[in-house]
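Visitor: Provided below for reference: sequence and predicted model.
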Amino acid sequence: MDLQQVEILPPKSRDDQDSPYRRFHKLLAKSPHIAPLIAELQIVLVGSETSFAHDEYNEYLEQPHVPWVMSGRTLPLVLDTLLNLKRISLVENSPSGWKESGKFSMNWNQLGRSLKSSLAAVFSPPKLESVRLRGIVVESPTQLLSLFSEATSLKELSISRVHFTHKKDKCTSWPESQPWYPQLQSLLVSDVDSHDLCRYLLHPRIDWTHITTLTIATGLAEWREKMARAAIGATHLALHQSYSPGTALKSILTLTLRSIHFFSTQLSVVIPTTFEACLHNSRLERIVFEGPTEAFRALRYYKNYYRSIDTRIQAAGFFVRPDFSANPFRRAI
């Protein structure tokens, strides 16, 4: 057992008396000296205990349900003992369609008082360095950002599948008079299958100058471009472009970038556009194009496509190295 890293999986059923979090609580009660050794905790909100199989009509065979943490009483007792956490994750390991616009995600304002208090304490200690949230319902962007606004050592933030209960016209930005203390070095933000989130992270109180690794997944080209430009010191950039690219690449391919990763369904447009936008004095060392199988198969119908692309790559001063080790539909440059 790795005492520094712990993962709490969902119970197999609602009345499971031997669930992972109950067993972990018993272990901590029996051996309290273990708790200070734990630096990383991942809580799986929805996972392998749930069947995501569906029928011929694309209806799920198993009725969706809210995450187990919404009704668990033992979890606060566990969290209250973990005083040295540096990394905390709460994640949905489920298909995006399973949550139905957040209906079956963890709802912050419907959590029990003790669990909400324990999680709030976990999100804000001075030692916390990394937070990962995938699948949460909150009132507004302000409430979301307030969860870790006091985490002075927070360096890594990953947030996706976020839903707001307030209507769009009621979702306000972070108060300009209120400090937001984290100085992020790594940020992943996604509003794909989620409410609009990106715009609320571009705020005068949120410091982007220390970010070196940035991942953006949004269908809104305007905010994708603004966020990429805001991270003026970024060396690693990843962009998820689910629709037409629509991004002014020349404005974001800065001299500080060392690597860039694209995931797109429009690779036939993204690939040539990228090399046309590359600066002659670019310091890029690695470019990865990734997409669904269909996107790569479509390119094979164009006989001269890769010949034209390779010409543009060579003109930009890059060396081509196909990389199929991790993904058969990835091309690294």
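Guide: Structure received. Bear in mind that the values here come from a model prediction, so they are computed numbers and not experimental data.
Visitor: which residues in this protein form helices?
Guide: Using DSSP state H, the helices of the chain run over 20-30, 75-79, 113-123, 141-146, 198-201, 221-230, 267-277, 293-299, 305-315.
Visitor: redo these as TSV? Include mean neighbour count, distance to Pro11 and mean pLDDT.
Guide: (Each C-beta comes from the backbone N, C-alpha and C, glycine too.) Output for the helices of the chain, formatted as TSV (neighbours: other C-beta atoms under 10 Å; distance: least, C-beta to C-beta, whole Å; pLDDT from 0 to 100):
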stretch	mean neighbour count	distance to Pro11	mean pLDDT
helix 20-30	16	7	89
helix 75-79	21	11	90
helix 113-123	17	15	92
helix 141-146	20	27	95
helix 198-201	20	34	92
helix 221-230	18	38	88
helix 267-277	19	42	80
helix 293-299	13	36	64
helix 305-315	14	51	61
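Visitor: any idea which of the ones you listed gets closest to Ile252?
Guide: Nearest to Ile252, of all those, is helix 221-230, at 3.9 Å by C-beta to C-beta.
Visitor: summarise which helices and strands that closest one is packed against.
Guide: Counting contacts by 3 or more C-beta pairs under 8 Å, 6 or more residues apart in numbering; DSSP states H and E, helix 221-230 is packed against helix 198-201, strand 213-217, strand 236-241.
Visitor: need the contact partners of it.
Guide: The contact list for helix 221-230 (C-beta atoms under 8 Å, 6 or more residues apart in numbering) reads 189, 198-199, 201-202, 208, 214, 216, 218, 234, 237, 239, 241, 244-248, 251-252.
Visitor: do the same with stretch 119-129
Guide: With C-beta under 8 Å, 6+ apart, stretch 119-129 has contacts from 41, 79-80, 82-88, 111, 131, 147-156.
Visitor: how about stretch 12-28?
Guide: With C-beta under 8 Å, 6+ apart, stretch 12-28 has contacts from 6, 8-11, 34-35, 49, 68, 71-72, 74-75, 77-78, 81.
Visitor: any of those residues buried? List them.
Guide: Val6, Ile8, Leu9, Pro10, Pro11, Ile34, Ala35, Trp68, Gly72, Leu75, Leu77, Val78 (16 or more other C-beta atoms under 10 Å).
Visitor: going by residue numbers, what spans are strands in this protein?
Guide: 5-8, 40-46, 87-92, 106-107, 130-138, 156-164, 186-190, 213-217, 236-241, 259-264, 286-290, 321-322, 330-332 (DSSP state E).
Visitor: mind listing what the first one pairs with, with the direction of each?
Guide: When pairing is defined by DSSP bridges, strand 5-8 lines up against strand 40-46 (parallel).
Visitor: buried set for the strand it pairs with?
Guide: Buried-residue list, strand 40-46, by 16+ other C-beta under 10 Å: Glu40, Leu41, Ile43, Val44, Leu45, Val46.
Visitor: on that earlier part again, TSV for the helices of the chain, including distance to Ser94?
Guide: Formatted as TSV, the helices of the chain follow (distance: least, C-beta to C-beta, whole Å):
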stretch	distance to Ser94
helix 20-30	17
helix 75-79	19
helix 113-123	20
helix 141-146	20
helix 198-201	23
helix 221-230	25
helix 267-277	27
helix 293-299	22
helix 305-315	37
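Visitor: per-residue confidence for Lys99?
Guide: Note on Lys99: pLDDT of 60.
Visitor: begin at 59 from here
Guide: Fine by me, first position is 59 from now on; the one you just mentioned is Lys157.
Visitor: number of nearby residues for Ile269?
Guide: 23 (other C-beta atoms under 10 Å).
Visitor: list the contacts of it.
Guide: Leu242, Gln243, Ser244, Leu245, Ala289, Gly291, Ala292.
Visitor: can you check Met128 too?
Guide: Applying C-beta under 8 Å, 6+ apart, the residues contacting Met128 are Met164, Asn165, Gln168, Leu169.
Visitor: quick one: end-to-end distance for stretch 219-228.
Guide: By C-alpha to C-alpha, to the nearest Å, the extent of stretch 219-228 from end to end equals 19 Å.
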